[in-house]
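Undergrad: next come a sequence and a model predicted from it.
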Amino acid sequence: STASPRTLSELQRSRNATDSAVTTRRIIPLTPATGAARALPLPERPQLEAPPPLSLYVHFPWCVKKCPYCDFNSHAPREGGIPEQAWLGAVLADLQHALPQVWGRRVHSVFIGGGTPSLMSATTLDGLLTGIRMLLPLDPLAEITLEANPGTVEAGRFRDYRAAGVNRLSLGIQSFDDAMLAKIGRIHGGEEARRAIEAARTHFERVNLDLMYALPGQTLDMALADLETAIGFGVQHLSCYHLTLEPNTPFAHDPPPLPDDDTAADMQEAIEARLAAAGFTHYETSAFARPHEQSRHNLNYWTFGDYLGLGPGAHGKLSSHEGIRREMRHKHPGRYLEGAARGDFIQEAREVSVAELPFEFMMNALRLTEGVSAKLFAARTGVPIEAITDELARARERGLLDTADGKLRPTLQGRRFLNELLQGFLKD
């Protein structure tokens, strides 16, 4: 599941081609107008009336073995094992150091990602969540998610994680097929995956399963067999990802034989259709949920909420009366732990320019199948929606965006060619 949204530069590098299409649907104006809509100039700085909801992301960077497709900030432990206590102390010091940026703001969700956080002892996890509760006003009904790998599952540990306060578990299953799992370098097998889900369902009411498709040598029937197995466990949420060859990974340097684009597209369409028939709503590009079971943490990303990122390489986005700031913690675990002793946690920080905000907002909001209220644009960016009148009109004319009923919603064509839609909001 999603730890943090893609960066601006990653989306700018993406390019897709699409044919223009004209929609004939009647458009309800986004705002009342007596005449033709006129674009307003961008303000000098965001004019936020109130900060958006706040989430907390905590990164645990260690895993048993790095998978060949993975470009996340994950590291196999060195001799001596995982320095859990040093990591815990550094993360809580990081949080204390960041408190002035989030004074008085309630935290609505916590996501502990990695790496493989299920390598963490229950004692360390309890210390982390206790520290967070002591330092921040954590909503009593906050969604607290932990990522887990089936190859590191112990039923007793799941029980203790639940007792510490985790109320949602996200399992990186990827496939139930032993041959597929071996080809993508996973440390677990299909039977371990099944046992992990059964243990998770015993201790957690809310469980997400990550699945991947378009794997090396995978057929449509094989992808659907994985999906049927996942549905059969009765979980509330599924995240289905197309395997991509990310730069600077072993798979990018030595690509395995993958299904062709047409076969991968057939897999995607079949997965969407089968999950719809099973009662799942396709609410975000890769996410499917039963009613009222969407990931609240990830929804905060997609609706351009704020999130404080703690731990090695964690990204954050924080809004204030001064503007919107993006941060990244020191990426390498050793560098992060060394810096903690002197209060040095930040590797990169910058203010998001007003010119970037329309693209950044749309890059997140238009991943949602039903889009968002048009009013959310100004509320979350501090920029009046009239400042992007021309961009909205062009997207509508090309059949990529629907603005009926006061919404900003990608059309079916817009979802298929999302990068093309987003590029319309890039400022030169």
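TA: All right, it came through fine. Numbering: from 1, shown residues only.

Undergrad: tell me the buried residues in stretch 118-128?
TA: Judged by neighbour count using 16 or more other CB atoms under 10 Å, the buried positions of stretch 118-128 are 118-120, 122, 124-128. Heads up, the C-betas are built off the backbone N, CA and C, glycines and all.

Undergrad: any chance of a markdown table for those, columns distance to L400?
TA: Output for these, formatted as a markdown table (distance: CB to CB, whole Å):
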| residue | distance to L400 |
| --- | --- |
| S118 | 40 |
| L119 | 43 |
| M120 | 43 |
| A122 | 48 |
| T124 | 46 |
| L125 | 43 |
| D126 | 47 |
| G127 | 48 |
| L128 | 42 |
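
Undergrad: pull out the buried residues from stretch 134-142.
TA: For stretch 134-142, burial by neighbour count (16+ other CB under 10 Å) applies to 136, 138, 142.

Undergrad: can you pull out the helices in the stretch 51-200 of the chain?
TA: Here the stretch 51-200 of the chain has its helices, by DSSP state H, counting those that start in this stretch, at 84-98, 122-135, 155-164, 178-183, 190-203.

Undergrad: got the CA coordinates for the first one in PDB?
TA: Think helix 84-98. Coordinates of each C-alpha in helix 84-98 appear next as PDB, following Å, rounded to 0.1, in the frame of the first residue of the first chain:
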ATOM      1  CA  GLU A  84      15.700  -1.000  16.700                       C
ATOM      2  CA  GLN A  85      16.300   1.000  19.900                       C
ATOM      3  CA  ALA A  86      18.600   3.500  18.100                       C
ATOM      4  CA  TRP A  87      15.900   3.900  15.400                       C
ATOM      5  CA  LEU A  88      13.100   4.300  18.000                       C
ATOM      6  CA  GLY A  89      15.100   6.900  19.900                       C
ATOM      7  CA  ALA A  90      15.900   8.800  16.700                       C
ATOM      8  CA  VAL A  91      12.300   8.800  15.400                       C
ATOM      9  CA  LEU A  92      10.900  10.100  18.700                       C
ATOM     10  CA  ALA A  93      13.600  12.800  18.800                       C
ATOM     11  CA  ASP A  94      12.700  13.600  15.200                       C
ATOM     12  CA  LEU A  95       9.100  14.000  16.200                       C
ATOM     13  CA  GLN A  96      10.000  16.200  19.200                       C
ATOM     14  CA  HIS A  97      12.100  18.400  16.900                       C
ATOM     15  CA  ALA A  98       9.200  18.700  14.400                       C
END
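
Undergrad: report the angle between that helix and helix 122-135.
TA: Here the directions of helix 84-98 and helix 122-135 differ by 10 degrees (axes from the mean of the first three to the mean of the last three CA atoms, to 10 degrees).

Undergrad: ok, now how distant is the closest residue in space to R409 that isn't next to it in sequence from I388?
TA: Setting aside the residues directly before and after it, R409 is nearest to G371 in space (CB to CB, 6 or more residues apart in numbering), at 3.2 Å. G371 sits 15 Å away from I388, going by CB to CB, to the nearest Å.
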